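*Asks:* Sequence first, predicted coordinates after that:
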Amino acid sequence: MQQRENAKNPKQALQVRRSSLSAWQIGERTAGPKTADLKSAQKHEKGKQQSASDRAGNSTQDHLEQALTYFERVKDYIPLKKNEVLQKHLATVESIALQRGLSPEGLDVLLNVALSGHLADTVNTRILKCLIPASVIAESSVVSAVSWLCVGKCSGSTQLLFLRWLIAMFDFIDHKEKLHALYGFFFCSLQDEKLCPYVCHLLYLLTRRESVKPFRVRRLVDLQAKMGMQPHLQALLSLYKLFCPELVSITLPAKMKTYFKNSESLWKAAINTIRRRNQGTSPTSQQLILGTGHPQSRKRKWNTQLILPACSTDANNPTRSKEINHADILSHSESFPVEQLHTFSQLLQNIHRLEFPSQMGSVLRNSLLLHYINCIKDESIYLRLYYWMGQTLQEECTWYKLDNQQYEEEFKDFLDIVYKTECFLQEGFSSCEEFLYKSLPLWDGFCCRSQILRLVSWIPLSSFSEMKPHLCEPLAQLFFTSSLYFKCSVLESLKELLQNWLNWHVMQLDVESDPKISPLNTTLSGLVNSVAELIHFVGWIATVALHLENNATFLLYFILDFYETQHSCPSLVFICVRIQRALKSLPFVHSFRYRTNLVAAKENELIKKTILQFKFSSQTYQEYNQYIMAMVGCLWTSSAFQKDIHPQGIRLDPEVLKKTRVQEVRNSFNIVHHPALMGYAILFLQQAWPEDKTLNFNLIKGRRWNWYLEYLYVQGLQGLKLFIESSINRVSQVSQTKSGNVQV
Amino acid sequence: SSTENVDPQKIAFLLRKQWTLYSVTPMYKFSYGNLKEYSRLLSAFVAAEKQKGLAVEVGNDLGIKVTLSTLLGLKGTDQDQVAVLVQIASRSQLPFENAENKVVWSGWFCCISGDDLLESVPEDFTCLSLFLANGAESYTAIVGSWFQKTFDCYFSRLTISPLNLAWMAAMWTGCKVDSHMAATELVFSVPCIPQSLDISYAIHSEDAKALWDTVQKTPGEVTQEEVNLFMDCLYSHFHRHFKIHLSATRLVKVSTSIASAHCDGNIKVLD
């Protein structure tokens, strides 16, 4: 048998070990007879002890060496009770092992002596219990230890303990190829009833796809028939099913939690100490592949999919069994089962042979597989996900079907997961978009509100006229009839939507355009149109909302937030001038932000125009100019609310203005009198005329106007500077008709 | 209907059973050539599910035998996929009885004429979008779960709307039936407290057919207006006698001598 050949010739081993031990041998070493004579050993050790104790440092190391040499030489049966030397050495080894672990060579020696049956059982037990590795365990020592089992000299309890040790220390073994070769040997030990649970556990750790053979399956099924439903057998059979579902089928009962008895307990504390010490260089413990399964805590229909399917390997590959016969012996041709994917480095190593799970929906929970999906351009993946997600959303929606109302929490969680996945992939799902179009008209605005609104922000860019009836109308209806907080949430999600569209477009510009992608979405004019229409829509609802909510500051904040995101959008400047009416009652900060928005946008506009050629209609330019003129009129020429023929302009009849009872209406928005800037004006006046206690704003004109302007620039109002310099041509201080020129 | 070879025995087997309807999303990597392999795997799966924790070697099925086969003659158009029948039979436990396996559950997939849908689906997908099941719900759950896991599809219960039920009533009434015709029955549901009220309206089949013949203009063609007219006639007749407007209630069940259908998604074909 193969195993016998692996068994080392003890004589050879001893010679090999002697040379390795000699590296740290100190003092004399008798090349005496191999069988240790009791008395001579005693004397010899005594002498060694005395010499060792004289040395200053490293005495424990010496003790260890002595102990190991002693054990190495043991050939005859030595009872523990009467032998002080043995006890002492044993104590040495134990203490050192617990403190810092044993070297691979030391482990080798001790393993062999423990399993050879030369010493009493109690000694063997103690030895096995203290076999803690300092770093790794050499595979060869494990193999030679296993070979001792064939000889059959050690007792049953020692065998059991050895198996438990092997399971506990499995991760510390440096290489495992030979152990895998011993799979058949371990498998045969299954018949021993006492060993069976531990052998199952060991096989569980060792099993790979090629280990699963029909005769082994048959054997295990027969064992199960004989021994009954033992959890360890079930676990091993489940693993077999995972690898080769075409050979065996098993469904685990739902309530099982532990399958294998805990073998680690005896060594757990010591292992933890070593792991902590090694700080990550030691291998991580292998996770049990068998998930405990998602708990089906309540009775639901069998086809419910809110509980995401676990990632399981695609069993539907009938050609696979044929492939294995032709497959190379080299294991790299085998595909990597998805259940074993736990770390990113595993993903990178196996990316060329990774299988997709059988149910695509399970990738939503698995960020590693999401990474993988990003790389693969396979249409069937998206189609599978599309079907599954579309059906799940429709079936589980809590306001479609009355039955589902009790499962609102689960539905919320599901929507959260979908949203997180969209954020991860940085694109929206078309099935999600369709669901929103279908469900928004029926939505009460209350159920799963934040989840739904967040999903709205990921609607892919498409023709706005298509979206309008499905998205804008139901949303507007809900918007106008709901609370302030809802309005703000909607504005925020529309802002995110705009942001996502712009980001997506920017990414598309970088990527070489694929002519197969639908033309509307990727053309610049398509983007511009949709964006423009969205902004119009938001402008409209925002204005109405401001009326309804009486210019609530909170609302205004969100509106301004929306407009801030348009900085990267070159086609901006559809400022809703009605908002200016609100500015009358604004605290400084908002007004200032509004200004900053405007000028920053202007800056971007100028830059972008030189880069991209936009085919703007002249109407756009006209509108833009009119807005600029209105702004300039307010800020600069003190001619607010005057000739402004634009339908959205801010021209107000004099009667209306009288009603507002604001004095000096025309000045009220210029850079001196504007509420946001008045503070600066005051400071300026105080600096310029420190004695003057009355604040006379009319002093600021002529030269002083310019000084004031400089003062404002110094205060950091760069945006204002940019706006004024780019919009206002100061031919003379009086003539302002040339204002509003856009520098191209 | 197509002119393929029709197995009358198999088709006859589908009659006179109550079928529960499901709609199924396209199946990924389903292959007609592997039906035998699927049978083996599904048999083992069913056996394992029936006795949780017990491992079942594939091929040794512990008394459960599942067969998958194709059903010819049930296509709407030529482009439709061939229907697939799944049957679970339990082997008789007594060894000396050479009795045939008793079928305990059946289900079949078919494709309703969905030409526009089929166009856009790539090759790896098989569109068998209607599933009909007869037998214990537990078996339906097991078989359905296996299909969902293996082919990444999704089963959802199909409900029949009152509009569709009205269509069925009209169409079935118009069909010629040679043998004895049972009464045509329509059941309407009225939401009441504490329990909903069911109104059953039975008509002689000959009378119903006569009515339909006057409504239908072109034989072989049915339009929405004709269906509406047909139903309105029935409603007004009922109103004349009982002063109840059936149009305000909800049609939940239609039963004719050919077939019957319930809004929960159960149908039964008699002839």
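*Replies:* Great, that's in hand.

*Asks:* can you give me the strands in the chain?
*Replies:* Looking at chain A here, since you left the chain open. A:248-249 (DSSP state E).

*Asks:* You answered for a different chain; I wanted chain B.
*Replies:* B:18-24, B:27-28, B:56-57, B:64-71, B:83-90, B:102-110, B:125-126, B:130-135, B:155-157, B:184-190, B:197-203, B:250-255, B:259-262, B:266-269.

*Asks:* Return the list of helices and strands in contact with the fifth one.
*Replies:* Using 3 or more C-beta pairs under 8 Å, 6 or more residues apart in numbering or on different chains; DSSP states H and E as the contact criterion, the neighbours of strand B:83-90 among helices and strands are helix B:35-50, strand B:64-71, strand B:102-110, helix B:137-151. To be clear about C-beta, it is placed using only N, CA and C from the backbone, and glycine gets the same treatment.

*Asks:* Identify the residues contacting A:S493.
*Replies:* Contact analysis of A:S493 by C-beta atoms under 8 Å, 6 or more residues apart in numbering or on different chains lists A:453-454, A:456-457.

*Asks:* Swap in 10 Å and give it another go.
*Replies:* Each residue near A:S493 by C-beta atoms under 10 Å, 6 or more residues apart in numbering or on different chains is listed here: A:450, A:452-459, A:475.

*Asks:* Kindly provide the distance from A:Y70 to B:F230.
*Replies:* 104 Å (C-beta to C-beta, to the nearest Å).

*Asks:* rewinding a little: which of the helices and strands packed on strand B:83-90 has the lowest average pLDDT?
*Replies:* For those, mean pLDDT drops lowest on strand B:64-71, to a mean of 85.

*Asks:* Tell me the strands beside it, with direction?
*Replies:* strand B:83-90 (antiparallel) (DSSP bridges).

*Asks:* Next, the angle from the partner strand to helix B:137-151.
*Replies:* 130 degrees (axes from the mean of the first three to the mean of the last three C-alpha atoms, to 10 degrees).

*Asks:* Quick check: mean pLDDT of strand B:83-90?
*Replies:* 87.

*Asks:* ok, now stretch A:533-552?
*Replies:* 78.

*Asks:* ok, now stretch A:472-481?
*Replies:* On average, stretch A:472-481 scores 89.

*Asks:* what does stretch A:188-195 give?
*Replies:* 86.

*Asks:* again with stretch B:172-182
*Replies:* Stretch B:172-182 shows a mean pLDDT of 73.

*Asks:* do the same with stretch A:404-423
*Replies:* 86.

*Asks:* Mind naming the longest helix for the chain?
*Replies:* Using chain A here. helix A:484-510 (DSSP state H).

*Asks:* The chain in question should be chain B.
*Replies:* Max-length helix for chain B by DSSP H is helix B:224-242.

*Asks:* need the contact list for B:G107.
*Replies:* B:19-20, B:22, B:68, B:84-88, B:131-135, B:139-140, B:143-144, B:147.

*Asks:* sorry, back to before: out of the helices and strands packed on strand B:83-90, flag the one nearest A:F215.
*Replies:* Distance to A:F215, taken as C-beta to C-beta, is lowest for helix B:35-50 among the helices and strands packed on strand B:83-90, at 17.2 Å.

*Asks:* by contact count, what packs against the closest one?
*Replies:* Applying 3 or more C-beta pairs under 10 Å, 6 or more residues apart in numbering or on different chains; DSSP states H and E, we find helix B:35-50 packed against helix A:231-243, strand A:248-249, strand B:56-57, strand B:64-71, strand B:83-90, helix B:137-151.

*Asks:* Span of stretch A:111-131 from start to end?
*Replies:* End-to-end distance for stretch A:111-131: 8 Å, by C-alpha to C-alpha, to the nearest Å.

*Asks:* Quick check: mean pLDDT of that stretch?
*Replies:* Rounded mean pLDDT across stretch A:111-131 is 82.

*Asks:* Mind listing what's buried along that stretch?
*Replies:* Buried residues in stretch A:111-131, counted by 16 or more other C-beta atoms under 10 Å in any protein chain shown: A:111-121, A:123-131.

*Asks:* Quickly list the domain ranges of chain B.
*Replies:* Domain assignment of chain B by the TED database yields the ranges B:8-157, B:162-269.

*Asks:* would you list the ones you listed in JSON lines and tack on distance to A:C423?
*Replies:* Output for these, formatted as JSON lines (distance: least, C-beta to C-beta, whole Å):
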{"stretch": "domain B:8-157", "distance to A:C423": "24"}
{"stretch": "domain B:162-269", "distance to A:C423": "37"}
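
*Asks:* where among the ones you listed is the average confidence lowest?
*Replies:* domain B:8-157 (a mean of 81).

*Asks:* centre of the chain versus that one, how much separation?
*Replies:* Averaging C-alpha positions (C-alpha atoms, centre = their mean, to the nearest Å) puts domain B:8-157 14 Å from its chain's average.

*Asks:* For PyMOL, write the selection for the buried entries among the contacts of A:S493.
*Replies:* The PyMOL selection below is limited to those of those classed as buried (16+ other C-beta under 10 Å):
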select buried, chain A and resi 452+453+454+455+456+457+458+459+475
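
*Asks:* so of the contacts of A:S493, which ones are in helices?
*Replies:* A:450, A:452-456, A:475.

*Asks:* And the helices in the stretch 1-150 of chain A, which stretches?
*Replies:* A:2-6, A:10-21, A:38-54, A:59-73, A:84-100, A:104-115, A:121-129, A:139-151 (DSSP state H, counting those that start in this stretch).

*Asks:* rank the ones you listed by pLDDT, which is bottom?
*Replies:* The lowest average pLDDT among these, as it happens, falls on helix A:2-6, at a mean of 39.

*Asks:* distance of the residue lying closest to B:Y22 once chain neighbours are set aside from B:T140?
*Replies:* Nearest non-adjacent residue to B:Y22, counting by C-beta to C-beta, 6 or more residues apart in numbering or on different chains: B:F131, 4.2 Å away. As judged by C-beta to C-beta, B:F131 and B:T140 stand 9 Å apart.

*Asks:* between the two, which one's more packed in?
*Replies:* Higher neighbour count among B:F131 and B:T140: B:F131, with 25 against 21, using other C-beta atoms under 10 Å in any protein chain shown.

*Asks:* Touching, A:L102 and A:V93? I think so.
*Replies:* Yes. Using C-beta atoms under 10 Å, A:L102 makes contact with A:V93 at a distance of 7.6 Å.

*Asks:* overlap in contacts of the two?
*Replies:* Counting by C-beta under 10 Å, 6+ apart, the residues touching both A:L102 and A:V93 are A:64, A:68, A:109-110, A:130-131.

*Asks:* Looking at these, which is nearest chain B?
*Replies:* A:L131 (34.7 Å; C-beta to the nearest C-beta).

*Asks:* contacting residues around that closest one?
*Replies:* A:93, A:97, A:101-102, A:106-107, A:110-111, A:114, A:137, A:141, A:145, A:161-162, A:165, A:168-169, A:267, A:270.

*Asks:* Thanks again, I'm all set now.
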